[in-house]
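A.B. asks: Provided below for reference: sequence and predicted model.
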Number of protein chains: 6
Amino acid sequence: MKKAVFPGSFDPLTLGHTDIIDRALPLFDEIILAIGTNSSKKYMFSLEDRLHFLKETYKNESKVKVETYKGLTVDFCKSQNAGFILRGLRNGQDLEFEKSIGQTNYKMSGIDSIFLLSSSGKAHISSTVVRDVMHHGGNYEFMVPDVVRKK
Amino acid sequence: MKKAVFPGSFDPLTLGHTDIIDRALPLFDEIILAIGTNSSKKYMFSLEDRLHFLKETYKNESKVKVETYKGLTVDFCKSQNAGFILRGLRNGQDLEFEKSIGQTNYKMSGIDSIFLLSSSGKAHISSTVVRDVMHHGGNYEFMVPDVVRKK
Amino acid sequence: MKKAVFPGSFDPLTLGHTDIIDRALPLFDEIILAIGTNSSKKYMFSLEDRLHFLKETYKNESKVKVETYKGLTVDFCKSQNAGFILRGLRNGQDLEFEKSIGQTNYKMSGIDSIFLLSSSGKAHISSTVVRDVMHHGGNYEFMVPDVVRKK
Amino acid sequence: MKKAVFPGSFDPLTLGHTDIIDRALPLFDEIILAIGTNSSKKYMFSLEDRLHFLKETYKNESKVKVETYKGLTVDFCKSQNAGFILRGLRNGQDLEFEKSIGQTNYKMSGIDSIFLLSSSGKAHISSTVVRDVMHHGGNYEFMVPDVVRKK
Amino acid sequence: MKKAVFPGSFDPLTLGHTDIIDRALPLFDEIILAIGTNSSKKYMFSLEDRLHFLKETYKNESKVKVETYKGLTVDFCKSQNAGFILRGLRNGQDLEFEKSIGQTNYKMSGIDSIFLLSSSGKAHISSTVVRDVMHHGGNYEFMVPDVVRKK
Amino acid sequence: MKKAVFPGSFDPLTLGHTDIIDRALPLFDEIILAIGTNSSKKYMFSLEDRLHFLKETYKNESKVKVETYKGLTVDFCKSQNAGFILRGLRNGQDLEFEKSIGQTNYKMSGIDSIFLLSSSGKAHISSTVVRDVMHHGGNYEFMVPDVVRKK
């Protein structure tokens, strides 16, 4: 069974995230959307909201599971028998950050990272930009799935 | 009337900023230097000082106005009937950041961002570097206009 | 009168080019689409075809003129009383190339380059990719304007 | 059946290539190493040699097939019922190039590109560097598999 | 006497740091490993631990001295009669950051920065990644020298 | 004796080259400006002219020698007992190219590459841009040393 973990804060879930998840579905038998809980970080949305966004968006997709985890992503992958980490790439900056994390994860655990590039027209979307537009009362709706629009 | 908003913290105004403003003057009928007020951010200089730096430096330039604003930059542009946002670019990192913000602003409002690249010899100047040199009592004067040197 | 020269080979004209030209129209009184003729370079389309693509696409746009030129772009700008060079930017690679050319042009002539970033969904389009797809009989139509599709 | 095409010139096959192929094997049921034949390009090694390098290196790997093709990579993928294109990424430059090709391929055909980042210690290897060292009689052996060393 | 200052937080010392220091030893008569003390920054390891890591690792290397300093790095260089600042570069991001700092330091003091690129296989190592792995109880040992492993 | 080889085509010598050479002089006892002769490449200036540019510019600098060489740069370094290769870096693109070459050279020979970043105001200068301006009869003089201006 080919399982991948797609780790993130999903604060909130965006169409940038779903672009990667949806296109990766044919590649894996199961994709675990995993929210890493990090007590020292502040989030705009509660853990409950963020889990709801994921579960509601993929409620009809049997290949997708939603979990939370603590500690290292590679340790969580092992606990779930997941052989891969799924990641999206928007630009050269993302790549350098991901290369450092991905190569360290591979050396620590042998678990490899699989990348998809953002689709054309989606590379500008990030949770950071969405939160900023939300914070200032702007129109963020074209960047997030229905469930987040209704929030 | 071709109006552009040049948004920033200007903490402090540097010769990197004035390089872009001065070279953009022939392009627009009016350039609004706009300080976004953000209560959650800490600044080295007070809002009054930062406004003074801008007003004093451009006091003899009728095309330049100085304002403060809250909320989204595109909303402020609309309130000022400004059709463009003026931005400077120093390197590839700036570009990826600006691309995400600029494309989101354009999708939200149809207001486009116009870019000038830093002049040769100015690309290393940033408010962050100026503040660090100031904080440690170093010579920052070659990076800022007169009014900031006198501060 | 605010005039800009938009230099290129336009081999062929793409929706990446028209994205930049169309969004720059409100900024200038006149935009000169200028094909630099370079005997040592090989083109897929003849000069006549390339001129036709430009003229046909902008036949109803009074602000747009189409010219050819030899030699330095800044010399052509002076001959046309154009104060600006208009350029598009897709990514960090474009920026480093444009910075070297733009700063040299500015030092040589005082003529500045104005940049717009590709719209979201257009940054992947380049004449090089279009020619490659054309060469191999693929579907390039979603990347070029009507007049090139009919070719 | 999850099939991927790994297109390239393989002039010659390097440990950079095999790094990506070997790590992608657990992800797919079949990987087709496909040499695109391009009459206008000059190669250091003949097509026969390049095919031999691939076949010899993966002779004991049932998941790997070796083919040649003409025309568009996505058309070749369709002819082989391959749903994915497999690619390696070394740095930001590779990414911008691959983004333009990958997004165009996806828009043309719906066939997606899956990326792995070079392993730590392999990102400096490229056929271009290997050919240059070979051309000048230097030690290239640490960058290529056995079959190329014996050539 | 050719002296260089290698400034950093060394929180903790990694094999990325020692890669640069060891390869620079033949270039200088003395390399001063200098910890900048910055009261506003929070560190994982105490100043004593960080000094211990450096001193213990280079106790048998007469060319290496260990110091702490406050204020500007160029002022510390002058106080030590050091004509150079030694820095490592992993990727394009590091370069843009270092270019801004290095050019400002040179303009302020005439003290130049000398760069070595990370060795192949070391570019993914950073104190940030090491701290994250340590924080989550993972295996960081392959990224740090002995003295840090024993901590 | 600390010797470095500064390899290049110097077609022609520019102020970008001399910026790096002059700033590296305090670091080495001898710098060998080495023109790699490559029969398959076409040059604007003859080998004689290019050697003349170097010799004339550094005729009063006893630390600088001028040579030509064939084959691998590291082999030439060994023949000259030079322990280092000196290189300049303008931007992220240069870095990725240099990283691939530098890491391969180090693995082949143990000879390390030392880098200086272009000075502020010099990063836009390249032989390619100078040749283009020369070819079109433009003013290139602000980018090259006297001896090339007189050519």
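C.D. replies: Structure's in. What do you need?

A.B. asks: how many neighbours does residue A:92 have?
C.D. replies: 27 (other Cβ atoms under 10 Å in any protein chain shown). (C-beta placed from N, C-alpha, C; glycine too.)

A.B. asks: Could you report the distance from it to residue E:95?
C.D. replies: 12 Å (Cβ to Cβ, to the nearest Å).

A.B. asks: Now residue A:149. Nearest residue, chain neighbours left out?
C.D. replies: Of all residues not flanking residue A:149 in the chain, residue A:141 sits nearest, at 5.0 Å (Cβ to Cβ, 6 or more residues apart in numbering or on different chains).

A.B. asks: Residue A:122 and residue A:15 touch, don't they?
C.D. replies: Yes. Under the criterion of Cβ atoms under 8 Å, residue A:122 makes contact with residue A:15 at 6.3 Å.

A.B. asks: More neighbours: those two, which one.
C.D. replies: residue A:122 (21 against 17).

A.B. asks: With adjacent residues omitted, what lies nearest to that one?
C.D. replies: Per Cβ to Cβ, 6+ apart, closest to residue A:122 is residue A:19, 4.6 Å.

A.B. asks: Over to the one you found. Which of the three states is it?
C.D. replies: Using DSSP: H, G, I helix; E, B strand; the rest coil, the structure places residue A:19 in helix.

A.B. asks: can you pull the contacts of the closest residue to chain E within chain A?
C.D. replies: Closest to chain E within chain A is residue A:103: 3.9 Å, counting by Cβ to the nearest Cβ. Residue A:103 makes contact with D:117, D:119, D:120, E:124, according to Cβ atoms under 8 Å, 6 or more residues apart in numbering or on different chains.

A.B. asks: Now list the buried members of these.
C.D. replies: D:117, D:119, D:120, E:124 (16 or more other Cβ atoms under 10 Å in any protein chain shown).

A.B. asks: Please name the bridge partners of the first one.
C.D. replies: Beta bridges link residue D:117 to residue D:89, judged by DSSP bridges.

A.B. asks: per-residue pLDDT, it?
C.D. replies: What the model reports as pLDDT for residue D:117 is 97.

A.B. asks: where along chain A do the strands fall?
C.D. replies: A:3-8, A:30-36, A:64-69, A:84-89, A:112-117 (DSSP state E).

A.B. asks: what's the last one packed up against?
C.D. replies: In this case it means strand A:112-117. helix A:15-24, strand A:84-89, helix A:92-109, helix D:92-109, strand D:112-117 (3 or more Cβ pairs under 8 Å, 6 or more residues apart in numbering or on different chains; DSSP states H and E).

A.B. asks: Need the residues that contact it.
C.D. replies: Residues from elsewhere that reach strand A:112-117, judged by Cβ under 8 Å, 6+ apart: A:4, A:20, A:23-24, A:27, A:83-90, A:98, A:101-102, A:105-106, A:123, D:23, D:27, D:89, D:95, D:98-99, D:102-103, D:112-117.

A.B. asks: just the longest one next, same as before
C.D. replies: If you take Cβ under 8 Å, 6+ apart as the criterion, strand A:30-36 is touched by A:1-10, A:21, A:24-25, A:47, A:50-51, A:54, A:58, A:63-70, A:73, A:76, A:80, A:82, A:86.

A.B. asks: The residues you listed also near chain C: which ones?
C.D. replies: Among the contacts of strand A:30-36, no residue sits close to chain C (Cβ under 8 Å from any Cβ of the partner chain).

A.B. asks: At the contact with chain D, which residues of chain A appear?
C.D. replies: Counting by Cβ under 8 Å from any Cβ, chain A sits next to chain D at A:2, A:23, A:26-27, A:83-84, A:89, A:91-93, A:95-96, A:98-99, A:102-103, A:106-107, A:112-117, A:119-120, A:123.

A.B. asks: Can you name the residue of chain A nearest to chain F?
C.D. replies: For chain A, Cβ to the nearest Cβ, closest residue to chain F: residue A:92, 7.6 Å.

A.B. asks: Please report the distance of that residue from residue C:8.
C.D. replies: Residue A:92 is 25 Å from residue C:8, by Cβ to Cβ.

A.B. asks: Kindly report the same for residue A:11.
C.D. replies: Distance of residue A:11 to residue C:8, given as Cβ to Cβ: 42 Å.

A.B. asks: which residues does residue A:24 contact?
C.D. replies: Residue A:24 makes contacts with A:4, A:6, A:31, A:86, A:114, A:116, as judged by Cβ under 8 Å, 6+ apart.

A.B. asks: now for these, which pair is the farthest apart?
C.D. replies: Greatest spatial distance among the contacts of residue A:24 (Cβ to Cβ): A:31 and A:116, at 11.7 Å.

A.B. asks: Mind checking which of these two has more residues around it?
C.D. replies: Neighbour count, other Cβ under 10 Å: between residue A:31 and residue A:116, residue A:31 has more, with 26 against 22.

A.B. asks: Who does the more buried one form a beta bridge with?
C.D. replies: residue A:4, residue A:64.

A.B. asks: and residue A:119, what are its phi and psi?
C.D. replies: phi -70, psi 160 (degrees, to the nearest 10).

A.B. asks: Check the gap between the nearest residue to it once chain neighbours are set aside and residue F:133 for me.
C.D. replies: Nearest non-adjacent residue to residue A:119, counting by Cβ to Cβ, 6+ apart: residue A:19, 5.1 Å away. Applying Cβ to Cβ, the value for residue A:19 to residue F:133 is 44 Å.

A.B. asks: With residue A:96 instead?
C.D. replies: For residue A:96, the distance to residue F:133 - Cβ to Cβ - is 34 Å.

A.B. asks: Residue A:8 now?
C.D. replies: Counting by Cβ to Cβ - residue A:8 and residue F:133 are separated by 49 Å.

A.B. asks: now residue A:11
C.D. replies: Applying Cβ to Cβ, one obtains 50 Å for the distance of residue A:11 from residue F:133.

A.B. asks: same deal with residue A:108?
C.D. replies: In this view, residue A:108 and residue F:133 are 52 Å apart by Cβ to Cβ.

A.B. asks: neighbour-wise, which of those two wins?
C.D. replies: residue F:133 (22 against 19).

A.B. asks: ok, and the closest non-adjacent residue to that one?
C.D. replies: residue F:140 (4.3 Å).

A.B. asks: which of the contacts of strand A:30-36 count as buried?
C.D. replies: A:2-10, A:21, A:24, A:50-51, A:54, A:58, A:64-66, A:69, A:73, A:76, A:80, A:82, A:86.

A.B. asks: hmm, back to that, closest one of the buried ones among the contacts of residue A:103 to residue A:40?
C.D. replies: Of all the buried ones among the contacts of residue A:103, residue A:40 sits closest to residue E:124, with 23.7 Å by Cβ to Cβ.

A.B. asks: That closest one touches residue A:104, doesn't it?
C.D. replies: Yes. Assessed by Cβ under 8 Å, residue E:124 is found in contact with residue A:104 at 5.7 Å.
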